[in-house]
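**Student:** Give me coordinates for this.
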Amino acid sequence: MIDIEEYLIAYANLKSGLFINQKNFANHKVLNKFYQNQNYGFPICLPDNIKYFDYSKAKFFKIDEGIFSSKIFSTKNKNYVGVKKFFRYGNKFAYNASLKKKYEKKFLNYVSNIKNIKKKITDLKLKKKSICAMQIRNIPHFGHEAIFNFILSKFDILVLNPIYGIKKKNDFSNKLITKALRHIKKKYPRIKFLPLWSNFHYAGPREALHHMSMREKLCFDYFYIGRDHAGAENLYDPDAAARLAKKYKKSFKIKLCISKGGFYCRFCNDYVIKNTCNHNNLIDISGTEFRMSFKNKKIYKHAELKMQKILFKI
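**Tutor:** Coordinates of the predicted model:
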């Protein structure tokens, strides 16, 4: 997938009503509302000269990189991966552009993905099931499995709802995540796997609210937010997303499920949610360390052996 397809996916998201505060690509007035309201989440913008769109009737504006970085990513570091990704085609953006007809079929495929998820969640709710959605962009390790068990202790069904879109270098591929989560699904009868075609922004707390908006529009009643939600490069405090979500929870109909994350406790000899046992010095399970081990085809001790062997073959 070429990275400009992000904007075709974004257009399908917008036209499917996936976001609470935005129905079209942002103009400068909409962007200012996002600057002024943290609970709006992440603004969806269209750069100039993306091949999927006709710009003949479009209007253009420029986005100040420093202001955007500070307001949306809460950083002045223009080399942060999220900032570089957003401005990789420059600082000239457009609104009132239209989709070219030859891309309508591909556009409708992405729309269909959203419709199918809504239908499946609605059907589950008709069966009086309590359902919690969880965003996950990694192959799950035992710390994740502790979170799965935590969520399943509170709800009838956990829906693993990973985003499939353009990712940063070294992130796990969609193919690997699909294989891993389908394997996990076999271990947990009450887990469902429903991937969503959308995009990654690496905007940490802001993006956590963006994800809440999406899951509310997908008809979920509950959404899980964990440690360092949607962050990268250690930019954000691990609990910042949960704090911001709690602050603005009244802005959403969807309800929160929050934990301090899964750790290994040497005294319990088990993987636990932080603060659920009385022991200190819990061992953090590093997603970065897991990715490096996987890249080198080395078994990672904090993840299921059978799953890793299956994935090594891909």
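**Student:** just checking, next helix/strand downstream of the longest helix seen in the chain?
**Tutor:** For the chain, the helix reaching the highest residue count under DSSP state H is reported as helix 104-126. Sequence order places strand 131-134 as the next helix or strand after helix 104-126, per DSSP states H and E.
**Student:** Who does that following strand pair with, and is each partner parallel or antiparallel?
**Tutor:** Strand 131-134 pairs in its sheet with strand 157-160 (parallel), strand 222-225 (parallel), by DSSP bridges.
**Student:** for those strands, which one sits closest to Asn13?
**Tutor:** Closest to Asn13 of the strands paired with strand 131-134, according to CB to CB: strand 222-225, at 16.6 Å. No exception for glycine: its C-beta is placed from N, CA and C like everyone else's.
**Student:** distance between the closest one and the chain's centre?
**Tutor:** In terms of CA atoms, centre = their mean, to the nearest Å, the gap separating the centre of strand 222-225 from the centre of its chain is 11 Å.
**Student:** Repeat that for stretch 212-228.
**Tutor:** 10 Å.
**Student:** One more: stretch 299-311?
**Tutor:** 24 Å.
**Student:** What residues of that stretch count as buried?
**Tutor:** Tyr300, His302, Ala303, Glu304, Met307, Gln308, Leu311 (16 or more other CB atoms under 10 Å).
**Student:** Would you agree the fifth one is in contact with Ala180?
**Tutor:** The one in question is Met307. Yes. Counting by CB atoms under 8 Å, Met307 does reach Ala180; the two are 6.0 Å apart.
**Student:** Now do the shared contacts for these two.
**Tutor:** Residues touching both Met307 and Ala180 by CB atoms under 8 Å, 6 or more residues apart in numbering: Ile139.
**Student:** From one end of stretch 216-228 to the other, what's the distance?
**Tutor:** 21 Å (CA to CA, to the nearest Å).
**Student:** Near Phe193, how many other residues are there?
**Tutor:** 16 (other CB atoms under 10 Å).
**Student:** give the contact list for it.
**Tutor:** Here Phe193 is in contact with Val159, Leu160, Leu181, Arg182, Ile184, Lys185 (criterion: CB under 8 Å, 6+ apart).
**Student:** do that again at 10 Å, thanks
**Tutor:** Neighbouring residues of Phe193 by CB atoms under 10 Å, 6 or more residues apart in numbering: Leu158, Val159, Leu160, Asn161, Pro162, Ile177, Thr178, Ala180, Leu181, Arg182, Ile184, Lys185.
**Student:** what about Ala94, neighbour count?
**Tutor:** Neighbours around Ala94, by other CB under 10 Å: 20.
**Student:** And for the one 4 residues further on?
**Tutor:** By other CB under 10 Å, 13 other residues sit near Ser98.
**Student:** try Leu126
**Tutor:** 8.
**Student:** Now secondary structure and pLDDT too, for the buried residues of stretch 299-311, in JSON lines please.
**Tutor:** Output for those, formatted as JSON lines (DSSP: H, G, I helix; E, B strand; the rest coil; pLDDT from 0 to 100):
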{"residue": "Tyr300", "secondary structure": "coil", "pLDDT": "96"}
{"residue": "His302", "secondary structure": "coil", "pLDDT": "96"}
{"residue": "Ala303", "secondary structure": "coil", "pLDDT": "97"}
{"residue": "Glu304", "secondary structure": "coil", "pLDDT": "97"}
{"residue": "Met307", "secondary structure": "helix", "pLDDT": "97"}
{"residue": "Gln308", "secondary structure": "helix", "pLDDT": "96"}
{"residue": "Leu311", "secondary structure": "helix", "pLDDT": "96"}
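**Student:** give me every residue that touches the closest residue to Ile157 other than its chain neighbours.
**Tutor:** Residue nearest to Ile157 in three dimensions, not counting chain neighbours: Ile131, with 4.7 Å by CB to CB, 6 or more residues apart in numbering. By CB under 10 Å, 6+ apart, the contact list for Ile131 reads 120-121, 124-125, 155-159, 190, 192, 219-222.
**Student:** What is the most widely separated pair among those residues?
**Tutor:** Arg190 and Cys219 (18.4 Å).
**Student:** who's more crowded, these two?
**Tutor:** Cys219 (18 against 15).
**Student:** circling back: now the strands paired with strand 131-134 in JSON lines, with mean pLDDT?
**Tutor:** Converted to JSON lines, the strands paired with strand 131-134 look like this (pLDDT from 0 to 100):
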{"stretch": "strand 157-160", "mean pLDDT": "98"}
{"stretch": "strand 222-225", "mean pLDDT": "98"}
